[in-house]
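Engineer: A predicted structure for the sequence below; I have some questions about it.
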Amino acid sequence: MAHGAERALAANKKAEPHTKNRLLALEVRPQKFGFVVFEGPTRLLDWGVCGCGGSGRDLGRTAGNKIGSLLDLYMPAAVVMRRRRVLTSKAERKLEIVVGTIRAEAKRRSVNVQFLNTQAVRRFFAPYGSTTKHAIASVLAEWFEDLRWKLPRERNPWESEARTMAIFDAVATGMALFAGTKNSKDRVSS
């Protein structure tokens, strides 16, 4: 199924896969989030992109309903996501609302929430020659055959990013967490 992922984790000396744990990996953006449910580091149970438009209470309520449904359905042992930097204060406020809602929903269900920084994800994929988002997504599409059809074509600089790229970003974050890290700077507390 995901033999490339197995080889990558075996080759990574820091790898300590939590094969018995279910993990919900998220890629949170101001208007949407990509998600992937892992059953161990080599099996994907579900994936997708959920929109959570709106503002204020509507945004929090929409995100809470969608995240709550995922947490109730899959009952993960942990949630992992990356903190994203955004360019505008409006987008930052939306991101804070969504992340705060995710943390609250996870806490209500006693699910651990972890944050990784982007450098940890890039470091994990560097040995595979993957330095761009599309290169990382291409490696993941090789490792997880079920995702191949979701891989968007490489975009031009003036084009918007494909919606499905959020799925690959979530998978990349999950894989980096499964690979583990000795560097405490890779994990972000808030």
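Structural biologist: Cool, got the structure. Please read all numbers here as calculations on a predicted model, not as lab measurements.
Engineer: all strands of the protein, in order?
Structural biologist: With DSSP state E as the criterion, the chain has strands at 22-28, 32-39, 44-51, 78-82, 112-116, 187-188.
Engineer: Let's have the ones you listed in JSON lines, adding mean neighbour count, distance to residue 67 and mean pLDDT.
Structural biologist: In short, each C-beta sits where N, CA and C put it, glycine included. Shown next, in JSON lines, are those (neighbours: other Cβ atoms under 10 Å; distance: least, Cβ to Cβ, whole Å; pLDDT from 0 to 100):
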{"stretch": "strand 22-28", "mean neighbour count": "24", "distance to residue 67": "8", "mean pLDDT": "95"}
{"stretch": "strand 32-39", "mean neighbour count": "23", "distance to residue 67": "8", "mean pLDDT": "94"}
{"stretch": "strand 44-51", "mean neighbour count": "17", "distance to residue 67": "8", "mean pLDDT": "94"}
{"stretch": "strand 78-82", "mean neighbour count": "22", "distance to residue 67": "8", "mean pLDDT": "95"}
{"stretch": "strand 112-116", "mean neighbour count": "17", "distance to residue 67": "11", "mean pLDDT": "95"}
{"stretch": "strand 187-188", "mean neighbour count": "14", "distance to residue 67": "19", "mean pLDDT": "50"}
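Engineer: Could you dump the ones you listed into a markdown table with distance to residue 99 added?
Structural biologist: Compiled in a markdown table, these are given as follows (distance: least, Cβ to Cβ, whole Å):
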| stretch | distance to residue 99 |
| --- | --- |
| strand 22-28 | 6 |
| strand 32-39 | 10 |
| strand 44-51 | 14 |
| strand 78-82 | 7 |
| strand 112-116 | 9 |
| strand 187-188 | 11 |
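Engineer: Tell me which of those strands lies nearest to residue 96.
Structural biologist: strand 22-28 (10.2 Å; Cβ to Cβ).
Engineer: tell me the angle that closest one makes with strand 112-116.
Structural biologist: If you take axes from the mean of the first three to the mean of the last three Cα atoms, to 10 degrees, strand 22-28 sits at 50 degrees to strand 112-116.
Engineer: what angle do strand 22-28 and strand 32-39 make?
Structural biologist: Here the directions of strand 22-28 and strand 32-39 differ by 160 degrees (the same axes, to 10 degrees).
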